[in-house]
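Trainee: coordinates only, sequence not included:
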DNA sequence: CAGTCATTTCAATATTACTTGGAATATCGA
DNA sequence: TCGATATTCCAAGTAATATTGAAATGACTG
């Protein structure tokens, strides 16, 4: 993951509706959830949700598959792990500190 | 960490100057770096950097200490770990899947 | 094939965020 | 104390982002 991708990923998560959508999809797991069900569950209007899903999708944080007239969205956990790795990269100058005990 | 905090943390990182600042501070470690040196290293104007440091600080992602006429900023790795935990919370409905192998 | 449901797109509006330059505050060194 | 450096604050202009409602597209069902 490079800076541009990380920035897109962070921006896609830095909005309350999108953060809620992503967390919901993380909790649901690989089965995913249809857009209409996400909209119902989180009380977001269809057009607004579509806008936010496009953002998440474009950032690579969610994937989608068609299932009849439904579009099922899933969280991309690999992308999340990539983001986490990017943020913790070269912690403390690469010293063997482990992220958790990096603070003094 | 609650949703509001996570949103603040993500928003604080979702901007190229701030992401660069945070990553620089993560790599530097607990010793931290003076604002003026950060500005020089990343080629950001002092007033713009001050604005961004305030954002990061308000979100709890960085801390600061006074050292003479310098203000030394440090990354708060604990806050980052909190954010990571929040994002991966209840992955796959709490099933014992481990985040890395959560995807099918 | 007609009707219904799921989803996306569009345009207009409203809101929020970033940058810039200059001024203010505070600390250090001569 | 005086001058220089470090940092922050403020206000104005510009740019990016979010919401809304209506309309369009596509896919199932009877």
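Mentor: Arrived safely, thanks for sending. For clarity, every value in this text was computed on a predicted model and none was experimentally measured.
Trainee: contacts, neighbours, all on C-alpha from now
Mentor: Fine.
Trainee: okay, now residue A:67: neighbour count?
Mentor: 9 (other C-alpha atoms under 10 Å in any protein chain shown).
Trainee: One more: residue A:81?
Mentor: 15.
Trainee: Relative to chain B, how far out is it?
Mentor: As judged by C-alpha to the nearest C-alpha, to the nearest Å, residue A:81 and chain B stand 7 Å apart.
Trainee: Next up, phi/psi of that residue, please.
Mentor: phi -60, psi -40 (degrees, to the nearest 10).
Trainee: Equivalent analysis for residue A:31, please.
Mentor: phi -60, psi -30.
Trainee: helix, strand or coil for the residue nearest to it when sequence neighbours are not counted?
Mentor: In this structure, residue A:31 finds its nearest non-sequential neighbour in residue A:74, 7.0 Å apart by C-alpha to C-alpha, 6 or more residues apart in numbering or on different chains. Three-state assignment for residue A:74 (DSSP: H, G, I helix; E, B strand; the rest coil): strand.
Trainee: Need the nearest residue in space to the residue nearest in space to the middle of chain A, chain neighbours excluded.
Mentor: The C-alpha lying nearest the average C-alpha coordinate of chain A belongs to residue A:61 (C-alpha atoms, centre = their mean; 3.8 Å). Excluding its sequence neighbours, the residue lying closest to residue A:61 (C-alpha to C-alpha, 6+ apart) is residue A:76, at 5.2 Å.
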